[in-house]
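A.B. asks: Fold the following.
(3 chains)
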Amino acid sequence: MKYYALRITGGLLTIFVSSLLVFSLIRLIPGDPAAELMGLAFDPELAHLLRIRLGLEGSFIQQYSAWITAVFHGDFGYSFINGAPVGQEIGDRLIRTIQLLVGGVFVGLAISIPAGIVSARNKSKWQDGGIMAFTTLMLSVPQFVLGIFLIYIFAVRLHVLPAGGWIDPHDDFVEWLKSMVLPWLCVGMAMSAFTSRVLRASILDAKNMDYTRTARSWGLSEKEIARKHVYKNASAPTLTVVGLEIGYLLGGAFVIENVFAYPGIGQLTVKAISQRDYPMVQTSILIFATGFILVNLIVDLAYGFIDPRIRQQ
Amino acid sequence: MKFLTLWRGLNTRIRVSIYMLFFLAALSAIAPFITPFHSDQMGTGQTLLGPTWQHPFGIDSMGRDQFSRVTEGIRLSAFIGFTVMSTSLLVGIPVGILSAYKGAFLDSLFSRVLDLLFAFPNLLLALVFVTILGSGSWTALLALVIIYIPIASRFVRSAALAEKDRDYVSAAKVNGASTFRICARHILPNIAPSLLVLGTNIFAFAILAEAALSYLGVGAKPPTPSLGKILTENQGFITTSSHLVIIPAVTLSFLVLSLNLLGDGLRDYLDPKKSSSQHKKSWIRLLFPRQSAPVNGGQLQ
Amino acid sequence: MDKTFVSKAVSASEWRSTPVNSPSLVSIRNLSVDFWRVAAPPALNNVFLDVLPGEAVGLVGESGSGKSTLGFAIAGLLDSNDVQLSGEILFKGQNLLTISQDDYRKIRGSKIGYIFQDASSSLNPLLKIGKQLTHPLMANGGMSKADAILRAKELLDMVEISQSQRRLNQYPHEISGGMKQRVVIAAALSRDPLLLIADEPTTALDVTVQAQIIDLLLRLKNSLSMSLIFISHDLGVVARVADRIVVMKDGNIIETGGVEQVLANPRESYTQLLLANIPKLRHVDESQSLRFWGNNEP
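C.D. replies: A predicted model of the protein is given here:
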């Protein structure tokens, strides 16, 4: 129990510190945003008011606490570009990005779990060699290149799937599904490359462990040994890796949304960065960081559930 | 002579990857002498042209020769990968080993800071840095260096931790060796193989990261022909002139693949443990099974 | 290998001290185990061994002598991808090398029990001890869960572990090394095997616990009328356990005989070497000690 409490508090602490970090990093950017916004119509008094409006006046602590209280009230500031509240824009996009990532993770697991198991079971035979070669290839191809290839094959050549964009599932469910296939596939394939390798390695490691040998000496069948000993023990290190993968995927969201013109947070953040829309950038980075920390927290908790030795710490 | 025997002893993956890398290096080195065009020279011919003898990789929408652009892109990627790899190793190795060896306060402080940094996914950190520093190849390079130094040091630290408690380290300590001597002459050579593999991995990751940043538009500024940038520029023409997209994509993947293969091959080659079942069943044994030895007076019943 | 050397060790008249016509439980004939790589020396080279029911055989040798390999071979734990076996292993008259993998598996665990060297890694760290003990009992349409739990408690009592209910719910890392070894013994005995092969069961333990485990094994052997093959490099430990000693070197059996006979009159120089290396208490010189206590007389 202590383990869980410790982990959760640690997670919350990390979120807090990351918010501090994000906040201060944005403030480090040289130049005065108010002056930039006003451009030629620069007026010192108005600039001062604008800075108050943008939350740029006052000491660091004042600014930060003002921002944090606003965040807890759901007020994430206003976009530099169009003045619209940041929270509103991010809301819908966040849901869409989550849909993309969650679906992609499912696809990824659906690919990597059978792949890892099959290649471990047929070690050194053609199935293993084939799967390993394929994963090596997948690891080398950047995610956006993979996306481009998928678009090329399925949209340009075969014309079966759309090349990107997004359709509201409430309007047309089938079209929505079709538009999600390629992005999900892209996320899933990128994730499965590493995950299936790690799963394979963990299964092979577990097979060589002493306790497997002992189970064999007890007369258990290979199937029973696999069920009770091998797979369970292999899932622990694989779980850790899946957590890392998801972090990598969060970063990949930027790229994938760009390739498929998918209206999610990633696309928004990139646009905001190139436009120097600081409130937007600040909030979306905070959301990404929080998401990443949450995912890792869940993975840690699940790991504690599997491995009793960790719980003792 | 010695080099030849070493070469034969290397496993297939290493050899294949070296051939691949050599091919790319040769291509990008010779390219400026073959082609008369500069990478940013516009109007070299009809736009969106397919591969011809004069323009082996075609021409893009702005009339630029793709062959010169892609080969310069290879040089750029290699430069970035090499710089990030060497800097992160140069800083990460001493920091990681010292932190692991000295332990105590320095080490826990170091790990806490690292844990915090790792709370953010890589690309996100890179984007943040680029936001602060402004976009461009050099800032992207700087951002990547800043990101990969902690990654390298963390890896080195865990490798060094595994060696720290070994007997040969204690023996050296008892002999009065200084901290520097132990770290440099004892620990470092023993973790060197995994560091070599780490180097190839960082090289590959840095290339991918830079390509991703350029693809998103925050890395290389036009007209710099980073491979990622070329892809962004040509992506819109995928329906009509797919070669403009496929060639840079394949080139990038080829480069990264060769690095990954090299890393894999090195890992296998340098790994002292090999399971016995890797040895093929000797056909001699299969054809000539052991004959029961006749034993004098051995009729035991 | 020196063929005369081998035949000298196994000539029938020296073979055993018991009548020839009592049926052995295990009868190993001409067993050879070779690695698939041609250049490697054989792990076992034309080995002959008999084990009678209820007998304790001590298998002694240094590392690499093939004693563990012999144990693995009898239990069928060698991987056919790594080695090639030839010869016969007769268990209650049946040649184990000719039966199917499935049948061999059924004999393992129910008729042959095995204890590995390092108890702490023999148990799965992620599973509760109770689960690990009851699972082999319930598998393949064995006992019901309730019966299996009862049997598990019975086994823990047999190996002298108290608070059996509590122990069943614990994980391996929560109990001591000696207790882990007892659990491993209990697991090996769970289906009343006829033969127990113990591979260096005491090597990883400290000396006091060693003595306890040895005593436990002896008591169990007698109460369950099992045969025991005790593998060790430590002649001192083997001397306490075994009725008969078999000495191995480089894949061959070089000496065999009743335990007192071999210890008193070892024939082979190698056996003498092993005996000489048992740590003994040095003989205390009483005159010296008297002087030490202040007595001035020489």
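A.B. asks: going forward, measure contacts and count neighbours with C-alpha atoms only.
C.D. replies: Will do.
A.B. asks: and the stretch 201-301 of chain B, which of its residues are near chain A?
C.D. replies: By C-alpha under 8 Å from any C-alpha of the partner chain, the residues of the stretch 201-301 of chain B that approach chain A are B:208, B:212, B:215-216, B:218, B:235, B:238-239, B:246, B:249, B:252-254, B:256-257, B:260-261.
A.B. asks: low-scoring stretches of the stretch 201-301 of chain B, by residue?
C.D. replies: Scanning the stretch 201-301 of chain B with the threshold set as pLDDT under 70 gives B:272-301.
A.B. asks: what does chain A have sitting close to chain C?
C.D. replies: Neighbours of chain C within chain A, by C-alpha under 8 Å from any C-alpha: A:209-214, A:216-221, A:224, A:229, A:233, A:306-309.
A.B. asks: Pull up the residues of the stretch 151-300 of chain A that are close to chain B.
C.D. replies: A:152, A:156, A:247-248, A:250-252, A:255, A:258, A:270, A:273-274, A:276, A:285, A:288-289, A:292-293.
A.B. asks: mind running it again at 7 Å?
C.D. replies: By C-alpha under 7 Å from any C-alpha of the partner chain, the residues of the stretch 151-300 of chain A that approach chain B are A:Val156, A:Gly247, A:Tyr248, A:Leu250, A:Gly251, A:Val255, A:Ile273, A:Ala289, A:Phe292, A:Ile293.
A.B. asks: Can you read off the pLDDT for residue 33?
C.D. replies: Here I'm looking at chain A. In this model, A:Pro33 is scored at 65, pLDDT.
A.B. asks: The chain in question should be chain C.
C.D. replies: C:Val33 is assigned 87 on the pLDDT scale.
A.B. asks: Among the residues of the stretch 151-300 of chain A next to chain B, which one sits closest to B:Thr52?
C.D. replies: Ranked by distance to B:Thr52 (C-alpha to C-alpha), these are led by A:Val156 at 23.2 Å.
A.B. asks: Return the residues in contact with that closest one.
C.D. replies: A:Val156 makes contact with B:Thr239 under the criterion C-alpha atoms under 7 Å, 6 or more residues apart in numbering or on different chains.
A.B. asks: Using the three-state scheme, assign C:Val33.
C.D. replies: Judged by DSSP: H, G, I helix; E, B strand; the rest coil, the three-state class of C:Val33 is strand.
A.B. asks: and it, how far is that from C:Leu25?
C.D. replies: 21 Å (C-alpha to C-alpha, to the nearest Å).
A.B. asks: of the two, who's got more company?
C.D. replies: Neighbour totals were compared for C:Val33 and C:Leu25, and C:Val33 leads with 26 against 19 (other C-alpha atoms under 10 Å in any protein chain shown).
A.B. asks: and C:Lys106, what does it touch?
C.D. replies: The contact partners of C:Lys106, by C-alpha under 7 Å, 6+ apart, come to A:Gly219.
A.B. asks: repeat that with 10 Å
C.D. replies: Contact analysis of C:Lys106 by C-alpha atoms under 10 Å, 6 or more residues apart in numbering or on different chains lists A:Trp218, A:Gly219, A:Leu220, A:Ser221, C:Ile112, C:Asn140.
A.B. asks: same thing with A:Glu89?
C.D. replies: Residues in contact with A:Glu89, defined by C-alpha under 10 Å, 6+ apart, are A:Ser79, A:Gly264, A:Ile265, A:Leu268, A:Met280.
A.B. asks: And the first one, how close does it get to chain B?
C.D. replies: By that I understand A:Ser79. Counting by C-alpha to the nearest C-alpha, to the nearest Å, the gap from A:Ser79 to chain B is 16 Å.
A.B. asks: wait, that residue sits on A:Pro279?
C.D. replies: Yes. A:Ser79 lies in contact with A:Pro279 (C-alpha atoms under 10 Å); the separation is 5.9 Å.
A.B. asks: So between those two, which is more surrounded?
C.D. replies: Legend: neighbour count by other C-alpha under 10 Å for A:Ser79 and A:Pro279, higher for A:Pro279 (22 against 19).
A.B. asks: Tally up the residues packed near B:Phe3, please.
C.D. replies: Here the number of neighbours of B:Phe3 (other C-alpha under 10 Å) works out to 8.
A.B. asks: go on, B:Ile34?
C.D. replies: 11.
A.B. asks: again, but for the one 5 residues further on
C.D. replies: Using other C-alpha under 10 Å, B:Ser39 has 21 other residues around it.
A.B. asks: Now do the buried residues in the strand or helix carrying A:Asp92.
C.D. replies: Using DSSP states H and E, A:Asp92 maps to helix A:86-121. Using 16 or more other C-alpha atoms under 10 Å in any protein chain shown as the test for burial, helix A:86-121 gives A:86-87, A:90, A:93-94, A:96-98, A:100-105, A:107-109, A:111-113, A:115-120.
A.B. asks: quick check: mean pLDDT across that helix?
C.D. replies: For helix A:86-121, the mean per-residue pLDDT is 88.
A.B. asks: next helix or strand past it?
C.D. replies: In N-to-C order, the element after helix A:86-121 by DSSP H and E is helix A:126-140.
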